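Participant: Just need the structure, nothing else, for what follows:
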Amino acid sequence: MRRGRFHGLRFQRRIRVLPGVRINLSLSGIGVSVGARGLHAGVTARGQRYVSAGLPGTGLSMRQYSPMQHSTPKLSFWPLAIAGVILAVLLAVAVR
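Facilitator: Here you go, the predicted structure:
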């Protein structure tokens with residue numbers, strides 16, 4: 001059973017911060033993904049790790065999630081921490 005208020009509503013926005021590195025915003029929170037078009041790996045806003053492969057331009061893709069470990073909390077702060085570090089580096093470069 002899904003948690004949350006919106007069962008059918010979905011929102012997702014990807015922001016490219018560096019070539020091959022994206023911050024993914026959704027109703028669940030912030031995730032991070034790394035990779036080229038058609039093949040990438042990432043961590044969802046809920047802390048799930050995944051690998052995704054697809055055929056660019058066709059809309060066909062698949063996503064494989066890593067099994068969750070019981071010691072890993074369901075909501076992880078690591079995607080937010082990684083995004084914060086990336087944004088701090090970008091701001092430091094932009095200020096110079």
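
Participant: which other helices and strands contact the lowest-mean-pLDDT helix or strand in the chain?
Facilitator: The helix or strand of the chain with the poorest confidence is helix 78-95; it has a mean of 75 (mean pLDDT, DSSP states H and E). When contacts are defined as 3 or more C-beta pairs under 8 Å, 6 or more residues apart in numbering; DSSP states H and E, helix 78-95 sits against strand 12-18, strand 21-26, strand 29-36, strand 39-43. C-beta coordinates here come from the backbone N, C-alpha and C atoms, glycine included.

Participant: again, only using 7 Å
Facilitator: strand 29-36 (3 or more C-beta pairs under 7 Å, 6 or more residues apart in numbering; DSSP states H and E).

Participant: now the strand it packs on against strand 12-18, angle please.
Facilitator: Orientation note: strand 29-36 sits at an angle of 50 degrees relative to strand 12-18 (axes from the mean of the first three to the mean of the last three C-alpha atoms, to 10 degrees).

Participant: chain center to strand 29-36, what's the gap?
Facilitator: Computed by C-alpha atoms, centre = their mean, to the nearest Å, the chain-centroid distance of strand 29-36 equals 3 Å.

Participant: do the same with stretch 8-19
Facilitator: Worked out by C-alpha atoms, centre = their mean, stretch 8-19 lies 8 Å from the chain centre.

Participant: Over to stretch 34-44?
Facilitator: Relative to the mean C-alpha coordinate of its chain, stretch 34-44 is positioned 8 Å out (C-alpha atoms, centre = their mean).

Participant: Now do the end-to-end distance for that stretch.
Facilitator: 12 Å (C-alpha to C-alpha, to the nearest Å).

Participant: Only the buried residues of that stretch, if you could.
Facilitator: By neighbour count on 16 or more other C-beta atoms under 10 Å, the buried set for stretch 34-44 is H40, G42, V43, T44.

Participant: who's in contact with the least confident helix or strand of the chain?
Facilitator: V17, V21, I23, I30, G31, V32, V43, A45 (C-beta atoms under 7 Å, 6 or more residues apart in numbering).

Participant: My understanding was that the third one contacts V17; is that so?
Facilitator: It stands for I23. Yes: counting by C-beta atoms under 7 Å, I23 does reach V17; the two are 5.9 Å apart.
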